[in-house]
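# Structure here, sequence nowhere to be found:
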Ligand code: BDR
Ligand code: CA
């Protein structure tokens, strides 16, 4: 039986690719997709979810619920410099109307309520994959921590434990946008797998792989969505590849062996002058009993070749 999965997301170019991977993977049954303010404002993120689902046409359609419009305490910050004003690299208009006939209806529930309801009603404990700032998940944790703890696993794309940040030298974007939410979630007790920049930066889509794909509507869509990001990577990193942060987090819902993990005690800086949103793991070489107990399995190594093959197969090669 496919695993029920809830995805909280802020599409976002790599979020869009993550949704294509989730719906292209028979091991997963995505039952609920929730939007959050992050890469773009929450209305644009919600529209993008609806557009992508209208294009995929999943049967049954998952519930879609709109989430938090801003972080718990901070002002909203977006990454349109990277993802484009429409969040989809300028390709949003190539996708169906988010409010048209082929799009699923938007639930009247809030994202936090929808997440909690789907955990309560699922036939088996679902996996929650969080691909944006953790605002909705923190609201769910504050409302019903016991229900959140029933998750089979909470997989978070966020943080940078042993490597540099991306939005600042210290912080990864999702944790930086809502560091308080990240702290609340890490302290709230579900079984957490953290896929931070330590591994997601190594999960790449190579331009030559995309060029080698059959010329199908799916390939053309992925080329359109990712084109500006390839240009950005070329100009800023000098590489012909882009990171697949969010798709890796989805892949871990059914292929946890892709990453080597370590149980660590992890905290998030919520107020630092230059380290706001930084994720700090206690990696001191002392006996475990002298530290706080671990609160997350932190991904530190990636089998990048296996992930690359999986992503290409599920998102590009097997799709028309
Ligand atoms: C994360 O930030 C966003 O821009 C991406 O969608 C991803 O979730 C990477 O730091
Ligand atoms: Ca994201």
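Yep, that arrived. Everything numeric in this text was worked out from a predicted model, so none of it was measured. Ligands and ions are numbered 1, 2, ... in the order given.
# When you work out contacts or count neighbours from here on, use the C-alpha atoms and nothing else.
Fine.
# So which bits of the stretch 101-250 of the chain are right by ligand 1?
For the stretch 101-250 of the chain, the residues in contact with ligand 1 (CA under 6 Å from any ligand atom) are 131, 132, 172, 173, 174, 245, 246.
# redo that, cut-off 5 Å
131, 132, 173 (CA under 5 Å from any ligand atom).
# and ligand 2, which of these reach it?
131, 132 (CA under 5 Å from the ion).
# now, which of the residues of the stretch 101-250 of the chain next to ligand 1 sits nearest residue 302?
residue 131 (18.1 Å; CA to CA).
# what's the closest non-adjacent residue to the closest one?
residue 9 (4.8 Å; CA to CA, 6 or more residues apart in numbering).
# Is it correct that the one you found is in contact with residue 132?
Yes: using CA atoms under 8 Å, residue 9 makes contact with residue 132 at a distance of 5.1 Å.
# Report the set of residues contacting both of those two.
Contact criterion CA atoms under 8 Å, 6 or more residues apart in numbering; residues shared by residue 9 and residue 132: residue 36.
# pLDDT below threshold where in the stretch 1-150 of the chain?
Of all residues in the stretch 1-150 of the chain, none has pLDDT under 70.
# show me where the stretch 51-200 of the chain has strands.
For the stretch 51-200 of the chain, the strands defined by DSSP state E, counting those that start in this stretch occupy 63-66, 106-110, 127-130, 153-157, 192-195.
# Direction included, what does the first one pair against?
Right, the one you point to is strand 63-66. As defined by DSSP bridges, the strand partners of strand 63-66 come to strand 28-35 (parallel), strand 106-110 (parallel).
# same thing with the fourth one?
Strand partners for strand 153-157, identified by DSSP bridges, are recorded as strand 127-130 (parallel), strand 192-195 (parallel).
# is ligand 2 contacted by the first one?
No: contact between strand 127-130 and ligand 2 is absent, the nearest approach being 8.1 Å (criterion: CA under 5 Å from the ion).
# same question, the last one
No: among the residues of strand 192-195, none lie within reach of ligand 2 under CA under 5 Å from the ion; the closest is 12.0 Å away.
# Adding distance to residue 240 and mean neighbour count, write the strands of the stretch 51-200 of the chain out as a markdown table.
A markdown table is the format used below for these (distance: least, CA to CA, whole Å; neighbours: other CA atoms under 10 Å):
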| stretch | distance to residue 240 | mean neighbour count |
| --- | --- | --- |
| strand 63-66 | 34 | 24 |
| strand 106-110 | 37 | 15 |
| strand 127-130 | 27 | 26 |
| strand 153-157 | 23 | 25 |
| strand 192-195 | 23 | 27 |
